[in-house]
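> Sequence first, then the predicted structure, then my questions.
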Protein chains: 4
Amino acid sequence: MRKRITRVAVMTSGGDSPGMNAAIRSVVRSCAYYKIDCVGIYRGYQGLIEADFISMNARSVHNIINKGGTILKSARSKDFMEKEGREKAYNNLIASDIHALVVIGGDGSFTGGMVFNKEFNFPVIGIPGTIDNDIFGTDYTIGYDTALNTVVDVIDKIRDTASSHNRLFFVEVMGRDSGFIALHAGIGAGAEEILIPEEDLGLDRLLDSLQKSRRSGKSSSIVVVAEGDKTGKNVFEIAQFIEKNLPEYEVRVSIMGHMQRGGSPSCFDRVLASRMGVKAVELLLDGKTNLMVGSVNNEMVAVDLELAVKEHHAINKEILRISDIMSV
Amino acid sequence: MRKRITRVAVMTSGGDSPGMNAAIRSVVRSCAYYKIDCVGIYRGYQGLIEADFISMNARSVHNIINKGGTILKSARSKDFMEKEGREKAYNNLIASDIHALVVIGGDGSFTGGMVFNKEFNFPVIGIPGTIDNDIFGTDYTIGYDTALNTVVDVIDKIRDTASSHNRLFFVEVMGRDSGFIALHAGIGAGAEEILIPEEDLGLDRLLDSLQKSRRSGKSSSIVVVAEGDKTGKNVFEIAQFIEKNLPEYEVRVSIMGHMQRGGSPSCFDRVLASRMGVKAVELLLDGKTNLMVGSVNNEMVAVDLELAVKEHHAINKEILRISDIMSV
Amino acid sequence: MRKRITRVAVMTSGGDSPGMNAAIRSVVRSCAYYKIDCVGIYRGYQGLIEADFISMNARSVHNIINKGGTILKSARSKDFMEKEGREKAYNNLIASDIHALVVIGGDGSFTGGMVFNKEFNFPVIGIPGTIDNDIFGTDYTIGYDTALNTVVDVIDKIRDTASSHNRLFFVEVMGRDSGFIALHAGIGAGAEEILIPEEDLGLDRLLDSLQKSRRSGKSSSIVVVAEGDKTGKNVFEIAQFIEKNLPEYEVRVSIMGHMQRGGSPSCFDRVLASRMGVKAVELLLDGKTNLMVGSVNNEMVAVDLELAVKEHHAINKEILRISDIMSV
Amino acid sequence: MRKRITRVAVMTSGGDSPGMNAAIRSVVRSCAYYKIDCVGIYRGYQGLIEADFISMNARSVHNIINKGGTILKSARSKDFMEKEGREKAYNNLIASDIHALVVIGGDGSFTGGMVFNKEFNFPVIGIPGTIDNDIFGTDYTIGYDTALNTVVDVIDKIRDTASSHNRLFFVEVMGRDSGFIALHAGIGAGAEEILIPEEDLGLDRLLDSLQKSRRSGKSSSIVVVAEGDKTGKNVFEIAQFIEKNLPEYEVRVSIMGHMQRGGSPSCFDRVLASRMGVKAVELLLDGKTNLMVGSVNNEMVAVDLELAVKEHHAINKEILRISDIMSV
């Protein structure tokens, strides 16, 4: 019989995302609410191996809900890929009398958690924190909504100068395997075209479409490109192709980069993170493990970690249609 | 047999909300996509009575997706409450060969639409545009997400000064009959207490709770109050009661007011408005009427206008629990 | 002969303003640069009396340049008004081997500093930190530029809803004795009228002017009112007078309140604070006292503290003219 | 004898900058105030050659003070470099009975204006609108303050992720010949190092300085690089050099690009633009020509256009010192 959980550890792992602090705060306060101890682990799995721990209470997370980044820092850990590293990690947890682990991160972090659970039968719950929204089993990941607002805000600024100069802008946004940011921010920003990994538009169709919209009287245009779009070309190559074939436009490229990971989280992400942190602690108190907290149809649910990692979070086809209709 | 719809009118009515322009743009572009005409009506039902119309095409809504307010303006119309006014309105629609009406607004506006439909059998579709999120049949109304971010952003600023001075702030937000903004923005802003119309906390329990949090070491606190909270007192009376009974704090009041209605819409609201506009036009083309477009479990659905107006959009009880746990 | 200064204390006092943290950071890093010690005093003069001190080095002020509020907190101190309190304060400074004091605040705080210097011959340098810009001897105070952006951003939002509804908004901003915020933010926000303490427009002239602009075709208007404007009436009384006499408009009132003190400082305020902190430390190292750092014609200067407190920072008459011309 | 000016034209030319609309508004309203006509010219000198004119009055510039970009659009004109093009331009002005020209732009635009004035003795006044602040004769150009806030806001976001991951970020900002943006935004963002065209730090000194700060305990760092910095290398080459020699850091590069030109102008830029527009019209009414409006020591002044174009706007050496002290 598993013993009752009275001390929980929480960490952030992998790429950071806005709202991770709100999630840490929620885990810590939920522990306080249920009168169990909470320990913060610095720098993800690497800090777990190095026993870089800090005891946390409700006051330790005062005034962090609005802060970007993560107060527990994040890191990638090569050592955790080795059995030896994971054994150290386990011993550290046992030595500190920690009974369960909450991992806030993306699928790489969850994979680590599953392996760890399998080897040591140690309770692990995942909370999806990544701007890419590419995790199966949840409608939204923490940080995605904020990243959308950041992208839309930047494209609004770019459009100011684009429409002052009759320019065609290519804006690259994050999303190596997933077009969520490109598609939603592209619609939100009123982009004329959106290129995503899930759909192969083809450069000729892109050119055709831009030519048509130019003829229809559009004097400036924005094309949003996900890092890993299906054309197999990067944003500079795409831009060059179009510039050569559509000389009426001055073409410019903008790479949004890491700013997409930062900034004060949106209210949506703060509330989502708060709900997920509570659910994670309650799952552990219920004796559950190897699950990820998901938000499905606006309810907090538990998803198998393995499913969350293996399955693909598919784009809603309806949204692709909306994008076509809006750029009529 | 109803004749095929080839000219649609769109208006904004009642209190404005961020994203109304994105909804107008979507209706106009959907009409263009389906190759039917679109007419904009200025100033809601009043403009309908005065035949204050403008022909719109895809280019008329260029560069408005990011603008707050409504380019079609809004108004309340006493004349439309009279049969005579509505007859004028109907005659204007017929005279301009308009076959259907899309009304972007709240329940007052939808009630007007239903009456009009009943009297003249004129096709009407509603799109929920209000910051209050108080409409039954949709998880989200257009403008609500933006208003949450505006409120959270302001409370973040107030918290700077509150925590510099050990102060207790009462912040009044919109929501005469509905605690959606107060509850979600309160959680997002990390408020210590949230007072909403749906739940009667009682002043004594509020005092008790603030005293406890003061003793637990909190040096500053934020209380978010919905306009119409259940205590029956306004925010100044509540603040005075607490100040008298908790002299350790300097108490301050802040009324957020109309700024909550303005600002550039969030990406969430822009995408929501884009989806709803398409759905509204497609419902009309399918021969439907007397419906409101809703977003339920992230799908666009059609709700009976009568239901949307009559039923109450209830707060999710889980969110109330989250609020309690977070202010532990 | 005064001994060489090797340990400096820094505090924030009075109402907080954005950029105070940047000023603290600059004082601390300037001390590190000149290889002298730096001590932070919590809660202004009250913390001085209670010896609420913390040793600070270059790392203690890491990542605070962008934070609103003040990490040293601020307070008003009744005890410091008494000789006994000031003696305790002096003894605490001597006991901690502190040789000089940098006070970041407004004229109340500077008056305290002058009295203290007179009584104990203790070196004091002031840095003007207040959103009101009402300090003589400096073109800009720290926090003023940020407050202007905050006000303009809010009025931009209010204008969205004002122009959607043909409304007349009265917006009250801070400035009990000084119209700097109202005048500059009013021009920046495109306000139709601006009421400031320095100039008595008179309600009749206000009414006349609003009537004229209404007739000229303006469908919505914003009037910015400083808290202490010369009409002798508060913003609600002014609004009522206009509403009675100009029934064509729906009149609304908005009180901006304490949010004006918060928020991440603008680049202007961060650079200003950085420059002022350096100058303050260099003045002390030069053996100077009883001075305030000012920014005059974009150079850092030293002003007599007594002058800074006694004299009035006058509004530039040219700016009043600009306001008239812009609302033509 | 020059005839009295009763019709003025205004254009925006060259790269756009936030606040250009506020400047247009001010020129138009100043004309209305002085009861003279105002004509807007689209797309700078190209629109002048094509007689792309629009008559403007006080209402035409309603609600544009807060908009980025330029409602008159901007362009570069090859035709205006030819005598023939300029003759067409002159004839168009005469045909429309326009007596003077206000050019809002940078030094390229002013050079065009000077040539035009020399050839046709046509009154020309310049208003400095560029984000680079690289114009001699004015402390500030319109758009510079806004660009600083945009850059600082983005670096604040990047710092969130940098400090979550112990990363070293190189951020490239605009400024081909001028370090104003890099230096001031670098200080405002708390950058550890700032590379500008005016000063050759040298890669070895940069490496040395970053190594020292790493040893002193800094776990993340931001280096701001102006496009045209003196190292002669671009930001990627610099980053590679450092990465090779300082392997303790993960190095990342971010190019801010065109977003720096967009966005709603800051209050500072709106007020500056309003003052400059008034001054420009008043100079013309006084019979002046070939001048640029400057803001010197917070007063509006007139500078010889030739000087403005030929001389270099030098960085304030004190600010360089501040930057060194702040990164101690």
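Received it, and whenever you're ready, just let me know what you need.
> What residues sit buried inside stretch A:111-124?
A:111-114, A:116-117, A:120, A:122-124 (16 or more other C-beta atoms under 10 Å in any protein chain shown). Placement of C-beta: from N, CA and C, glycine included.
> who touches the spatially most central residue of chain A in this structure?
Taking C-alpha atoms, centre = their mean, the centroid of chain A lies closest to residue A:130, which sits 1.7 Å from it. Neighbouring residues of residue A:130 by C-beta atoms under 8 Å, 6 or more residues apart in numbering or on different chains: A:14-15, A:17, A:105-106, A:141-144.
> Let's see which of those end up in helices.
residue A:144 (DSSP state H).
> Quick check: the two most widely separated of the buried residues of stretch A:111-124?
A:111 and A:123 (16.7 Å; C-beta to C-beta).
> how near is residue A:201 to residue A:320?
10 Å (C-beta to C-beta, to the nearest Å).
> Near chain B, which residues of the stretch 1-150 of chain A are found?
A:25-26, A:29-30, A:32-33, A:58-59, A:62-63, A:65-66, A:139, A:145, A:148-149 (C-beta under 8 Å from any C-beta of the partner chain).
> among these, which ones are buried?
So, by 16+ other C-beta under 10 Å, the buried ones in the residues of the stretch 1-150 of chain A next to chain B are A:25-26, A:29-30, A:32-33, A:58, A:63, A:65-66, A:139, A:145, A:148-149.
> Now render those as TSV, adding distance to residue B:287 and secondary structure.
Shown next, in TSV, are those (distance: C-beta to C-beta, whole Å; DSSP: H, G, I helix; E, B strand; the rest coil):
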residue	distance to residue B:287	secondary structure
A:25	51	helix
A:26	48	helix
A:29	52	helix
A:30	51	helix
A:32	57	helix
A:33	53	helix
A:58	57	helix
A:63	55	coil
A:65	48	coil
A:66	49	coil
A:139	32	coil
A:145	36	helix
A:148	35	helix
A:149	38	helix
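> Let me know the closest of the residues you listed to chain C.
residue A:63 (9.4 Å; C-beta to the nearest C-beta).
> What count of nearby residues applies to the residue lying closest to the closest one once chain neighbours are set aside?
In this structure, residue A:63 finds its nearest non-sequential neighbour in residue B:163, 6.5 Å apart by C-beta to C-beta, 6 or more residues apart in numbering or on different chains. Residues lying near residue B:163 (other C-beta atoms under 10 Å in any protein chain shown) number 23.
> Residue A:289 now?
18.
> Now for it: which residues touch it?
A:100, A:117, A:122-125 are the contacts of residue A:289 under C-beta under 8 Å, 6+ apart.
> swap in residue A:124?
A:100-103, A:113-114, A:116-117, A:289-290, A:305.
> same thing with residue A:149?
Shown in contact with residue A:149 (C-beta under 8 Å, 6+ apart): A:266, B:149, B:266-267.
> which one of these is nearest residue B:232?
residue B:149 (29.7 Å).
> burial of the closest residue to residue A:310 other than its chain neighbours, as a residue count?
By the measure of C-beta to C-beta, 6+ apart, the closest residue to residue A:310 outside its immediate chain neighbours is residue A:136, 7.5 Å from it. A count of nearby residues for residue A:136, using other C-beta under 10 Å, gives 18.
> Residue A:136: what secondary structure?
coil (DSSP: H, G, I helix; E, B strand; the rest coil).
> distance of it from chain B?
Applying C-beta to the nearest C-beta, to the nearest Å, the value for residue A:136 to chain B is 15 Å.
> per-residue confidence at that residue?
pLDDT, residue A:136: 97.
> ok, it - contacts?
With the criterion set at C-beta under 8 Å, 6+ apart, residue A:136 makes contact with A:303, A:307-313.
> Please narrow those residues to those residing in helices.
A:307-310.
> Most neighbours out of those residues, which is it?
That'd be residue A:308 among the ones in helices among the contacts of residue A:136, by other C-beta under 10 Å, with 24 neighbours.
> what residues are up against that one?
With C-beta under 8 Å, 6+ apart, residue A:308 has these contacts: A:107, A:110, A:126, A:128, A:135-138, A:292, A:294.
> can you rerun that using 6 Å?
Residue A:308 is in contact with A:110, A:135-137, A:292, counting by C-beta atoms under 6 Å, 6 or more residues apart in numbering or on different chains.
> So which of those is the closest to residue B:73?
Distances from residue B:73 to the contacts of residue A:308, taken by C-beta to C-beta, are shortest for residue A:135, at 42.7 Å.
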